[in-house]
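J.: What follows is a protein structure lacking sequence information:
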């Protein structure tokens, strides 16, 4: 089985250009399935796949996890079928468990404004943290996109930033005035810090840690949690909360859903449509005012 998994992962990396995080997720899921089956792909049938999925459900795994693993198997067996390694794609015949609908969490306008203003002081770290929080809310970036930003991705003159999203797809995203001001202040501190620490100019990463290296995914998450706790925001919160907040506030402000889709880098409008559940009253109001067949009172 392992040789087929390696072929599939290589195909995803080279032909589909998927991210490192996605590759690792596929690898974990297929390892779990391989340990369950202990047979070669040509000997696997629908009973084996259904048994694996049923076992996950019986173990209390979340429906989201179960759906992800089933999607992995479907992609894997579709590949095996196209390449002629199996005669029937049994994974395609396995029914999909119904997934729960989770509404995205988001912050109020007051909370997010207070959050981005929480980092105080001079020096690299507080100024950097302010710039990260401002950029997350201003442009709705994913944590992986913040992590991957380089200095030359910033267009200071046009207030734009080049972002590499899922599948390494690039898009250009506008940056708000407050975020641009925070970034300009940070770049000054970044230059002084690199000079003081003797950090090589070859390090082109936009956001640096205290060692002068690229700030990691985990470190960015810690920045958000740290300041959320300082201002008293309880519950689960992270960079994705600010992404949801960005989209929700745009929607409430009247932005077109397809514009929000472009800004977020969603490949499907259905993903973006999750945000419409958050302010249905506002959407009904917009409909009543704008639609030619709406009931005019």
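T.: In hand now; what should we look at? None of the values given here were measured: they were computed from a predicted structure. Residues are numbered from 1 along each chain as shown.
J.: Identify each of the helices in the stretch 151-297 of the chain and give its residue range.
T.: Per DSSP state H, counting those that start in this stretch, the stretch 151-297 of the chain carries helices over the ranges 177-197, 217-230, 239-252, 257-264, 269-272, 280-290.
J.: What number of residues are in the vicinity of the closest residue to residue 149 other than its chain neighbours?
T.: Nearest residue to residue 149 in three dimensions, chain neighbours excluded: residue 206, at 4.1 Å (C-beta to C-beta, 6 or more residues apart in numbering). Every residue, glycine included, has its C-beta placed from N, CA and C. A total of 24 residues lie near residue 206 under the criterion other C-beta atoms under 10 Å.
J.: Got the phi and psi for residue 206?
T.: Main-chain dihedrals, residue 206, degrees, to the nearest 10: phi -70, psi -50.
J.: Hmm, it is touching residue 154, no?
T.: Yes. Using C-beta atoms under 8 Å, residue 206 is in contact with residue 154, at 7.0 Å.
J.: How many neighbouring residues does the closest residue to residue 140 other than its chain neighbours have?
T.: Spatial nearest neighbour of residue 140, chain neighbours left out: residue 246 (3.5 Å); criterion: C-beta to C-beta, 6+ apart. As a burial measure, residue 246 scores 24 neighbours (other C-beta under 10 Å).
J.: separation between residue 246 and residue 263?
T.: Using C-beta to C-beta, to the nearest Å, residue 246 is found at 8 Å from residue 263.
J.: Need the residues touching each of those two.
T.: Residues touching both residue 246 and residue 263 by C-beta atoms under 8 Å, 6 or more residues apart in numbering: 139, 140.
J.: Model confidence score at the residue nearest to residue 149, please.
T.: On the pLDDT scale, residue 206 is placed at 95.
J.: what does residue 41 give?
T.: pLDDT, residue 41: 91.
J.: Offset the numbering so it begins at 13, please.
T.: All set: I'll call the first residue 13, so the last point we hit is now residue 53.
J.: chain center to stretch 60-79: distance?
T.: 24 Å (C-alpha atoms, centre = their mean, to the nearest Å).
J.: for stretch 57-69, same thing?
T.: With C-alpha atoms, centre = their mean, you get 29 Å for stretch 57-69.
J.: Residue ranges of each domain in the protein, please.
T.: 14-105, 121-298 (automatic domain parsing).
J.: show me the contacts for the residue nearest to residue 152.
T.: Residue 258 touches 148, 149, 150, 151, 152, 275, counting by C-beta under 8 Å, 6+ apart.
J.: ok, so what distance separates the closest residue in space to the second one that isn't next to it in sequence from residue 260?
T.: Counting by C-beta to C-beta, 6+ apart, residue 254 is the residue found nearest to residue 149 once chain neighbours are left out, at 4.9 Å. When C-beta to C-beta is the yardstick, residue 254 and residue 260 sit 10 Å from each other.
J.: higher neighbour count, the two?
T.: More neighbours surround residue 254 than the other of residue 254 and residue 260, with 28 against 21 (other C-beta under 10 Å).
J.: Could you report the distance from the more buried one to residue 147?
T.: Taking C-beta to C-beta, one finds residue 254 at 9 Å from residue 147.
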